[in-house]
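Asks: Quick one, structure for this:
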Amino acid sequence: MPKIIPVLLFIGIAFSLAFSPVNSGNNAVAAATPTPTPVVSEDLPDGLELWCLPEGVPFLKDPSEVEKSTLAVDIEYTDSFVLKGPYSGCFVQLPTDAQYEDAKIAIYDQSNSAAWYTRNLVKNNDGLIAALTHSYIVNPPIWKAHYRLEIQGADGAILFSTPMFYQRKWQAERCWNGNMPNPTTLRCPLQQDLHPWDAGYGKPLPTLRPTNN
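Replies: Here you go, the predicted structure:
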């Protein structure tokens, strides 16, 4: 009987070692090299302009033929750009400069993933221009959005990086449950959309009115 105990003890130790987690060299390298955070520049490059056209105002589809009109809305820069749409289109205008030759505009979200929207800079009568016409920039189906705008050189170098926010120029009243209505339909959830365990179940739905900010 005493001989059985050491044998069982040995088997237990071997089993424990076989199924214990082991740190591999690859894991150690991954932990030592975190994803770098892009540096945000606080200084707006000389000559850079971001301007948009109000919703419903047409513009030329070819950016090289676009010129800033009297209807343009200048997007002011104070450590970030804030778009208060909806717009029909927005444009980044830069002076003709060697560092911007073959450069592009890249838009990122907050997930640190790859840019979800890129536009090349092309020549127009005022220098270099890029058209930002994606619906999630000019008129997204959400009330607010947080982005990052970058100017990237032909070699991939970041020439300028800044936060860019979108918020509708008017805000609707909140629904009876404290949430914002659907930004496209302006519809609040109705009682039949709720379950008994949802907040506000069985409460009346007030009239929704847009309110200007």
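Asks: Provide a list of residues in contact with Y108.
Replies: A114, A115, W116, Y147, R148, E150 (CB atoms under 8 Å, 6 or more residues apart in numbering). Heads up, the C-betas are built off the backbone N, CA and C, glycines and all.
Asks: Quick check: the second one touching I107?
Replies: Yep, that's A115 we're talking about. Yes. With contacts counted by CB atoms under 8 Å, A115 reaches I107, the gap being 6.0 Å.
Asks: which residues are common contacts for these two?
Replies: E150.
Asks: between these two, which one's more packed in?
Replies: Per other CB atoms under 10 Å, whichever of A115 and I107 has more neighbours is I107, with 18 against 15.
Asks: where does the protein have its least confident helix or strand?
Replies: When the helices and strands of the chain are scored by mean pLDDT, DSSP states H and E, helix 25-32 comes last with a mean of 37.
Asks: Going by neighbour count, which of the contacts of Y108 are buried?
Replies: Y147, R148, E150 (16 or more other CB atoms under 10 Å).
Asks: Mind telling me what element the last one is part of?
Replies: E150 is part of strand 144-152 when elements are defined by DSSP states H and E.
Asks: Outline the domain layout of the chain.
Replies: Using automatic domain parsing, the domain ranges for the chain come out as 49-167, 173-213.
Asks: Ranking the ones you listed by mean neighbour count, which comes first?
Replies: domain 49-167 (a mean of 16; mean count of other CB atoms under 10 Å).
Asks: How far does it stretch from one end to the other?
Replies: Distance between the two ends of domain 49-167: 19 Å, counting by CA to CA, to the nearest Å.
Asks: For C175, see how far away the nearest residue to P181 once chain neighbours are set aside is.
Replies: With sequence-adjacent residues excluded and distances taken as CB to CB, 6 or more residues apart in numbering, P181 is closest to C188, at 4.8 Å. Computed as CB to CB, to the nearest Å, the C188 to C175 distance reads 4 Å.
Asks: do the same with P140
Replies: 20 Å.
Asks: Kindly report the same for T162.
Replies: From T162 across to C175, the span is 33 Å (CB to CB).
Asks: Show me the helices in the chain, by range?
Replies: Using DSSP state H, the helices of the chain run over 4-18, 25-32, 135-138.
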